[in-house]
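Visitor: sequence and predicted model, in that order:
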Amino acid sequence: MININIEPLNSEAQDQARSRQNTLTKPPGSLGKLEELSIQLAGIYKDPLHKIEKKMTIVAAGDHGVVDEGVSQYPQDVTAQMVLNFLSGGAAINTISGNSQSDIIVVDTGVISELPSHPQLRSMRIASGTENFARRSAMTVEQAETCINNGIELASELSLQNIDLVACGEMGIGNTTAASAITAVICDQRAEYVTGRGTGINEESLNLKINVIGKAIKLHNPNPTDGIDVLHKVGGFEIGFLAGVMLGCASNNIAVLIDGFICTAAALIASTINPRSKEYMLGSHQSVEPGHVIALEHLDIEPLLNLNLRLGEGTGAALVMPIVEAAMKCLTDMATFGEAGVSDSS
């Protein structure tokens with residue numbers, strides 16, 4: 001059982017932001033999505049003049065037992081190898097988060113291989129990878145609750161550090177299989193409609209992956225309205241952890257950027273636990289994974305970009321951090337017609 005209090009967005013701050021947008025030196029609505037985003041942010045921060053000061057990119061890593069079914073073209077060793085790459089600063093997420101002036105933390109939620117200690121690595125391990133959910137539940141109910149609570153705990157810590165914008169990312173060989181299963185269950189879709197090629201598998205492997213997911217859902221029959229049940233039966237540790245991060249950010253009035261397909265599967269889990277958490281989520285981009293579009297539509301989240309990204313790691317989320325900042329700065333820093341001495345349309 002996950003008990004977490006999430007308040008509605010602050011309607012007074014949103015009304016003030018909406019009114020201010022109409023007085024700025026531009027035609028009403030001419031900044032399009034940026035105006036809508038600034039009003040959402042004002043509600044999240046309870047302040048129409050909030051200045052985003054500190055950003056954090058979280059990359060949660062975990063391994064998946066379902067890779068034993070041949071659903072990925074990469075071996076599980078790659079998860080740990082990529083974590084080491086993150087820690088050495090050599091991955092795409094390091095470059096992009098650095099460009100966005102965001103700090104980065106990597107969280108081991110259940111990587112099979114042993115990882116060295118590192119200042120940017122946080123160990124919140126549940127186990128050495130999930131079970132193979134094609135044959136048994138991915139994790140116990142207790143493990144599912146623990147990884148979500150771990151994510152909530154980290155978000156609360158970030159709040160104490162005055163972090164006010166978080167980008168979520170992940171790493172885990174086999175995790176598009178778990179994300180597809182979660183999406184199929186919660187969005188009530190057939191496996192073939194939400195399953196893509198992940199790291200680039202061929203047609204034969206894609207059909208195998210679809211078959212594995214379909215059989216697993218039939219075997220476990222997860223309850224689509226119970227995020228814990230779905231996570232426990234067909235999820236992943238990093239997915240549950242990120243669901244917790246999203247819940248914790250919402251509870252602490254932190255805006256949270258959702259990256260690609262796997263992170264959006266985590267958002268589906270979070271939304272079943274507390275639907276109000278969706279109000280604090282910002283869609284970063286639309287990936288090429290077919291299930292991503294379906295999951296975003298289910299959450300009623302509109303992505304800011306569509307660049308055919310499919311890497312994960314939080315790259316899309318970190319990439320749009322400056323756009324989020326720009327939306328808020330336009331609201332707070334632009335002059336009004338009165339301040340600038342410019343005649344308005346009236």
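Guide: That came through, no problem.
Visitor: next, the contact list for residue 163, please.
Guide: Contact analysis of residue 163 by CB atoms under 8 Å, 6 or more residues apart in numbering lists 54-56, 254. C-betas here are computed from N, CA, C, even on glycine.
Visitor: among those residues, which ones are buried?
Guide: Restricting the contacts of residue 163 to buried positions leaves 55-56, 254, with burial counted as 16 or more other CB atoms under 10 Å.
Visitor: from these, which land in strands?
Guide: With DSSP state E as the criterion, strands contain 55-56 from among the buried ones among the contacts of residue 163.
Visitor: any chance of the buried ones among the contacts of residue 163 in TSV, with distance to residue 97 and pLDDT too?
Guide: Below are the buried ones among the contacts of residue 163 laid out as TSV (distance: CB to CB, whole Å; pLDDT from 0 to 100):
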residue	distance to residue 97	pLDDT
55	8	98
56	9	98
254	17	98
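Visitor: and stretch 296-306, how far out from the chain's middle?
Guide: Relative to the mean C-alpha coordinate of its chain, stretch 296-306 is positioned 12 Å out (CA atoms, centre = their mean, to the nearest Å).
Visitor: hang on, the earlier thing: closest to residue 93 out of the buried ones among the contacts of residue 163?
Guide: Sorting the buried ones among the contacts of residue 163 by distance to residue 93 puts residue 56 at the head of the list, at 12.3 Å, by CB to CB.
Visitor: from what I can see residue 39 touches residue 18, true?
Guide: Yes. In this structure, residue 39 sits in contact with residue 18. The criterion is CB atoms under 8 Å, and the distance is 5.5 Å.
Visitor: ok, those two, which is more surrounded?
Guide: Comparing residue 39 with residue 18 by neighbour count (other CB atoms under 10 Å), the higher total belongs to residue 39, at 22 against 16.
Visitor: now do the contacts for residue 233.
Guide: Contact analysis of residue 233 by CB under 8 Å, 6+ apart lists 133, 137-138, 216, 220, 222.
Visitor: ditto for residue 314
Guide: 57-59, 93, 97, 167-170, 259, 263.
Visitor: kindly reformat the residues you listed as CSV containing pLDDT, neighbour count and distance to residue 103.
Guide: Output for those, formatted as CSV (pLDDT from 0 to 100; neighbours: other CB atoms under 10 Å; distance: CB to CB, whole Å):
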residue, pLDDT, neighbour count, distance to residue 103
57, 98, 29, 7
58, 98, 29, 10
59, 98, 31, 12
93, 98, 30, 12
97, 98, 27, 8
167, 98, 33, 10
168, 98, 32, 14
169, 98, 32, 13
170, 98, 28, 17
259, 97, 33, 16
263, 98, 34, 18
